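K.L.:
Structure for this input, please:
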Amino acid sequence: MTADTTDRGDPQRSLERRWGRQEPGRRGPKQSLSTAEVVDTAIALADKQGVQALSMRKVAEAVGVSPMSLYTYVPSKAELLDLMFDRVLGDTADPDDTVVGWRQQLAFMARERWTLSERHPWLLDLATHRPPLGPNMMQKGLAMLSAVVTMGLTPQETGLAADLLQDYITGALRSAREAREAEQVTGLTDEQWFSIVWPALEKNLDQQHLHIIGQISEGRREQMRSPDERTARFEFGLQRVLDGLEAFVQTRQATT
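P.N.:
Numbering: from 1, shown residues only. The predicted structure is shown next:
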């Protein structure tokens, strides 16, 4: 599946819309909608059908205007996606004064993003190498950087640490979604699939490798596939990433 890339619209025009500085023109009949209402409707459609199925025509039908009228609110699907992305980020909380220390703050923000993407799976279909720099995106980015800069790293290392955490979150979310989709498409749970392929493994692998695979498989079979189990997997990985960052910080402190 090819991801929709954020920030593909006119950079200046799109940025102004994200910050609420450009609303539909006022000539002609009075506008019956706001841009925010259009964006909220598009989010609801994407939640149900996925972002790949989203079109300007479908959004226009959902809000009750013609496709041409919709373009007076949002000039293109690319800019609509930018607005949707920034809008849903506003549903996440930032660490407050009770969340102390960079490790706890980063963990808090990672969990917020996990919960957000579970509610809006289409976020994973957006390639955000150039994220839409709307108010919510900037707020979340600054919150993360504010935590990371207290680690005492160089500017380059600070950026790399933030990227590392973001890459883990995105990867874990995609892995969880792929697991759900595999079961939906095949009609088989992971355990059922493994029981089918196990005889072939027994024929083609030596006993040492077979024993290793069997041990891992047994450990997974003991865990029920559920939202709670997926969250536990995410939490385990998150803590190991933070362990690594903490060890790196300690190494840096010992050499300065």
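K.L.:
Can you list the buried residues in stretch 72-80?
P.N.:
Buried residues in stretch 72-80, counted by 16 or more other C-beta atoms under 10 Å: 72-75, 77-80. For glycine as for every other residue, the C-beta is placed from the backbone atoms N, C-alpha and C.
K.L.:
Please apply the same query to stretch 88-107.
P.N.:
So stretch 88-107, judged by 16+ other C-beta under 10 Å, has buried residues 88-89, 92, 94-95, 99, 102-103, 105-107.
K.L.:
could the residues you listed go into CSV alongside secondary structure and pLDDT?
P.N.:
Below are the buried residues of stretch 88-107 laid out as CSV (DSSP: H, G, I helix; E, B strand; the rest coil; pLDDT from 0 to 100):
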residue, secondary structure, pLDDT
Val88, helix, 94
Leu89, helix, 93
Thr92, coil, 93
Asp94, coil, 93
Pro95, coil, 93
Val99, coil, 94
Trp102, helix, 96
Arg103, helix, 96
Gln105, helix, 96
Leu106, helix, 96
Ala107, helix, 96
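K.L.:
between those residues, which is nearest His120?
P.N.:
Val88 (5.3 Å; C-beta to C-beta).
K.L.:
quick one: the closest one and His120 touch, right?
P.N.:
Yes - Val88 is within contact range of His120, at 5.3 Å (criterion: C-beta atoms under 8 Å).
K.L.:
which neighbours do these two share?
P.N.:
Contact criterion C-beta atoms under 8 Å, 6 or more residues apart in numbering; residues shared by Val88 and His120: Ile43.
K.L.:
May I ask which helix or strand encompasses Glu202?
P.N.:
Using DSSP states H and E, Glu202 maps to helix 190-204.
K.L.:
How far away from the center of its chain is that helix?
P.N.:
33 Å (C-alpha atoms, centre = their mean, to the nearest Å).
K.L.:
Which positions in it come out as buried?
P.N.:
Buried residues in helix 190-204 (16+ other C-beta under 10 Å): none.
K.L.:
Please shift the residue numbers so they start at 890 in all later answers.
P.N.:
New numbering, starting at 890: the last item is helix 1079-1093.
K.L.:
Show me what that helix is packed up against.
P.N.:
With contacts defined as 3 or more C-beta pairs under 8 Å, 6 or more residues apart in numbering; DSSP states H and E, helix 1079-1093 has these neighbours: helix 1044-1075, helix 1096-1110.
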